[in-house]
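Participant: Need a 3D model of the following:
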Amino acid sequence: MKRIGIIGVGEIGRAVVTGLCDGGGSEAPEVFLSPRGARTAAELSSRYEGVQVCADNQEVVDRSEVVIIAVRAADRHDALAALRVDDDKTVVNVMAGVANDDLRHLLATDAALVRAIPLPSVRERRSVTVTFPSHPVVDALFERLGGARPVADEAAFNVFSALTGTLTTHYAYLATLTSWAVGHGVAPDDADSYVRSLFQGVGRALSDETRSLHQLAADHETPNGNNERIRTTWFAPANSEALNKALDGLLADL
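Facilitator: Presented below is the predicted three-dimensional model:
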């Protein structure tokens, strides 16, 4: 895989390019970017020798072996309807909520279509990317970016997609903790740096896959201690049920 095209150069497109090209040396592929997201595309092109901005989306397709489609789902008809995609291409669909059948109908192609959920941390080659269906070329691409996790069917894929919808809630939770501390007289910079440090430690603990998530939680609690108090009073069964309900609603829409 030596030529990769990206249509829609937003946060995910930038992360994929960075992950592939930083430290890639002679193994870094040629990358062809759509003019959509012009500022980001131009910046990436100036940073990496093998990255080029194309005149239009059709040129991206024509020059690439693998085409990553990363436009917003709502923009897909305007961005993709006129494209000609030869059957020997491999298309990676990273649009949330857009099934491969939908994309195949839009592109009118028999090319291989693979759904994927790359996260921004692929820029650091640390993020496992869920794919469906398994495809040797696409799975190899994401192995370079932190790992590929093919799933058996589109229903399972949508469950993983729903899980990614919880990311900004986690950041908002941390921001709420910081604001609470500031409200009690702690300097904003001190509150921010402490909350970041506290949960970076949690992130490192997650790398220990010998313990289940339930076991990690138990290991960080003292009976009748502070952690148990917050978990049982704030993250009570009603709160847990509300989260499950929100995820079920998102999954139904996906």
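Participant: where in the chain is pLDDT low?
Facilitator: Across the chain, residues meeting the criterion (pLDDT under 70) sit at 1, 23-26.
Participant: so residue 90 touches residue 112, yeah?
Facilitator: Yes. In this structure, residue 90 is within contact of residue 112 by C-beta atoms under 8 Å, at 4.8 Å. Where you see a C-beta, it was placed from the backbone N, CA and C, and this is true even at glycine.
Participant: which neighbours do the two share?
Facilitator: With contacts defined as C-beta atoms under 8 Å, 6 or more residues apart in numbering, the residues shared by residue 90 and residue 112 are residue 135.
Participant: and the two? which has more neighbours close in?
Facilitator: residue 90 (21 against 17; other C-beta atoms under 10 Å).
Participant: Okay, and the beta partners of that one?
Facilitator: Following DSSP bridges, residue 90 is listed with bridge partners residue 66, residue 112.
Participant: Any figure for the gap between it and residue 68?
Facilitator: Counting by C-beta to C-beta, to the nearest Å, the gap between residue 90 and residue 68 amounts to 10 Å.
Participant: May I ask you to confirm that residue 149 belongs to a strand?
Facilitator: Yes. Using DSSP: H, G, I helix; E, B strand; the rest coil, the assignment for residue 149 is a strand.
Participant: show me the contacts for residue 153.
Facilitator: Taking C-beta under 8 Å, 6+ apart as the definition of contact, the neighbours of residue 153 are residue 132.
Participant: Got phi/psi on it?
Facilitator: Backbone torsions of residue 153, given as degrees, to the nearest 10, read phi -150, psi 170.
Participant: I'd like the distance between it and residue 163.
Facilitator: The span separating residue 153 from residue 163 equals 16 Å under the rule C-beta to C-beta.
Participant: One more: residue 95?
Facilitator: 17 Å.
Participant: same question, residue 72
Facilitator: Taken as C-beta to C-beta, the spacing of residue 72 relative to residue 163 amounts to 20 Å.
Participant: now do residue 28
Facilitator: Separation of residue 28 from residue 163 (C-beta to C-beta): 30 Å.
Participant: likewise residue 246?
Facilitator: As it turns out, when the distance is counted by C-beta to C-beta, residue 246 lies 12 Å from residue 163.
Participant: can you confirm residue 92 is in a strand?
Facilitator: Yes. Using three-state DSSP, the secondary structure at residue 92 is a strand.
Participant: Can you tell me, leaving aside adjacent residues, what's nearest to it?
Facilitator: Among residues not flanking residue 92 along the chain, residue 68 sits closest, at 4.5 Å (C-beta to C-beta, 6 or more residues apart in numbering).
Participant: That neighbour and residue 5 touch, don't they?
Facilitator: Yes. Using C-beta under 8 Å, residue 68 and residue 5 qualify as a contacting pair, with a distance of 6.8 Å.
Participant: tell me which element residue 44 falls in.
Facilitator: Assigned by DSSP states H and E, residue 44 belongs to helix 38-47.
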